[in-house]
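**Q** A predicted structure for the sequence below; I have some questions about it.
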Amino acid sequence: MGSTGITPDPSHLKLTGQKVELRVLRDFALDPTGPFYQFVLTYLAASAGLTPVYDAEHYPTFMEGIAGIFPGATAPGARADLSESVKQVRAGALPRLQAQQSLCCMLANTAFESIDEKDAGKLKGNPVFEFFRHVRNAASHRNRWHFHSHAPVHPAAWNGIVLDASQKGASNPLHGKTCFYGNLQPADLLYLLRDVERLL
């Protein structure tokens, strides 16, 4: 499977405002025709948008006078005042860390659910895929690692993190702990998706 990367020319980049938290990962690449490419691209675009939303000092009029129009299929379309949404976020309705965690959870969920049952069946028992499955479960449980009384069923491991299949349910040391911005950071999720994609 081929892959492409994004390598910007630093001479064309000018950064202003606050410290940029989202960086181009020079050794990270996904195949544009691969199963996770669109999800990762959506995640990166949404993450980039957090900077002007949260930085009122450098983007004081961000989305001012802009409405979001959301079409409906079974209900009338919805119109949202996006500048009011930005104001509410800036007033503390959505802490930045929570927004960042939510984006990670959405990416983990959508990527995992995009894998068809046939491919998932082939990878069952693979330690990296099993780890990804548990990450997805954490994303679905409010960003907390969650193990049913019989889980983990199979050994799961990725990048030095091992989920011992003998430690089930609440006795697993990760159970109830924070996943994203806890044991894993956003870059970990991107690299995990790359490694799972290579298995598919």
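**A** Noted; the coordinates are in hand. Here the structure is a predicted model, which is why all the values come from computation and not from measurement.
**Q** Need the mean per-residue confidence for the helix or strand containing residue 192.
**A** Per DSSP states H and E, residue 192 falls inside helix 186-199. The average pLDDT for helix 186-199 rounds to 94.
**Q** quick one: pLDDT of residue 23?
**A** The model's pLDDT for residue 23 equals 43.
**Q** Apologies, that question was intended for residue 15.
**A** Reported pLDDT for residue 15: 40.
**Q** thinking again about what came up before, for the helix holding residue 192, the distance to its chain's centre please.
**A** 11 Å (Cα atoms, centre = their mean, to the nearest Å).
**Q** elements contacting it?
**A** helix 37-54, helix 96-113, helix 127-140 (3 or more Cβ pairs under 8 Å, 6 or more residues apart in numbering; DSSP states H and E). Bear in mind the C-beta positions are built from the backbone N, C-alpha and C, glycine included.
**Q** Take those helices and write them to TSV, including mean neighbour count and distance to residue 63.
**A** Output for the helices and strands packed on helix 186-199, formatted as TSV (neighbours: other Cβ atoms under 10 Å; distance: least, Cβ to Cβ, whole Å):
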stretch	mean neighbour count	distance to residue 63
helix 37-54	16	8
helix 96-113	18	15
helix 127-140	22	28
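**Q** Show me the one of these that comes nearest residue 169.
**A** helix 127-140 (12.5 Å; Cβ to Cβ).
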